[in-house]
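Q: got a predicted structure here, sequence first:
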Amino acid sequence: MDKRAGLLIIGHGSEHSSGPLVSACGHAERLLDSGLFAEARVAFLMAGDDPCETLEAMRSQTIHIIPLFMCDGYYTRTVIPKKLKIQGSRTYRDGGLLIYGSPIGVHPGMADILRLRALETCRAAGWDPFGTRLMVIGHGSPKSSASAEVTHRHAAEIRKQSEFISVDCVFIDEPPRIEDWLLDLPAEGPPVVLAGFFAADGLHSSLDIPGWIEAWEERTGSRQGARLRYTGAVGADERVTALIAASIGSEAALPPL
């Protein structure tokens, strides 16, 4: 019998974009190819394979459940545990063990991936990072501070490197909102990298933010990409795969970030 554990990655999912599926499947495939796991599956709370059915179909005696979410909020604390009938970090069931991990967005290494993606964006644009502003875009929520707190925490870690003019945060669903911030952004000034702190390129990341950037460029007469560049969702980055492995104690088996 294969003694290796199984892995179940659970995302929110989207009815409007394939981004969440691409992101989660990419991580699962890379981790399965690494030989760390006997099986690696993905499931979603909406618009995808049901987490309960997927978990039921898995055969590993020990299964690691990793939420592909950016903060430890309502979905990770309440919805997923209730849906899967798990309590705490370890649940023994039918002779097996379910190990429920922290949402990957809270991993300390996420700040460095955000930072590296921003530096890569500067390099591609020909911008000097020391002359560039960095805005980290989180989802935010008027009902919970969890999203804003982790976004600010990662931004503070990036700020310690002193590689950009400034490192600040804006949000989709709470002030300061990225849409409003762009409305107030003047036509002239230093270049800006917008770093998406999202699990995948879903509706907000693939449609809303690019649309708001395009509206700003049309309003100010700026050439496309001349002053604003968006990194896309950090959660889809291949380097996040290593964070998933690290979060369950297998970082030595994957290449470093």
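A: Yep, that arrived.

Q: need the residues that contact the helix or strand bottoming out on mean pLDDT in the chain.
A: In the chain, no helix or strand scores lower on mean pLDDT, DSSP states H and E than helix 203, which sits at a mean of 81. For helix 203, the surrounding residues in contact (Cβ atoms under 8 Å, 6 or more residues apart in numbering) are 14, 16-17. All C-beta atoms are positioned from the backbone trio N, CA, C, and that covers glycine.

Q: highest neighbour count among the residues you listed?
A: Neighbour counts for the contacts of helix 203, by other Cβ atoms under 10 Å, peak at residue 14, which reaches 21 neighbours.

Q: identify the residues contacting it.
A: Shown in contact with residue 14 (Cβ under 8 Å, 6+ apart): 20, 46-47, 200, 202-203.

Q: in PyMOL, select just the buried ones from the residues you listed.
A: In PyMOL, a selection of the buried entries from those looks like this (16 or more other Cβ atoms under 10 Å):
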select buried, resi 20+47+200+202
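
Q: related to what we said a few turns ago, could the contacts of helix 203 go into a markdown table alongside secondary structure?
A: Below are the contacts of helix 203 laid out as a markdown table (DSSP: H, G, I helix; E, B strand; the rest coil):
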| residue | secondary structure |
| --- | --- |
| 14 | coil |
| 16 | coil |
| 17 | coil |
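
Q: just those: which has the poorest pLDDT?
A: pLDDT across these is lowest for residue 16, at 74.

Q: touching, that residue and residue 201? I think so.
A: No - at 11.0 Å, residue 16 does not count as touching residue 201 under the criterion of Cβ atoms under 8 Å.

Q: overlap in contacts, these two.
A: Shared contacts of residue 16 and residue 201 (Cβ under 8 Å, 6+ apart): none.

Q: coming back round to it: just flag the most distant two among the contacts of residue 14.
A: Greatest spacing in the contacts of residue 14, by Cβ to Cβ: 46 and 200 (12.8 Å).

Q: which SS class is residue 48?
A: Here residue 48 is recorded as coil under three-state DSSP.

Q: and for residue 35?
A: Per three-state DSSP, residue 35 ends up coil.

Q: what about the closest residue to residue 153 other than its chain neighbours, how many residues nearby?
A: Among residues not flanking residue 153 along the chain, residue 111 sits closest, at 7.6 Å (Cβ to Cβ, 6 or more residues apart in numbering). The number of residues packed near residue 111 is 22, by other Cβ under 10 Å.

Q: does residue 111 touch residue 157 like I think?
A: Yes - contact status for residue 111 versus residue 157: in contact at 3.8 Å, counting by Cβ under 8 Å.

Q: now residue 46: how far from residue 33?
A: Separation of residue 46 from residue 33 (Cβ to Cβ, to the nearest Å) stands at 28 Å.
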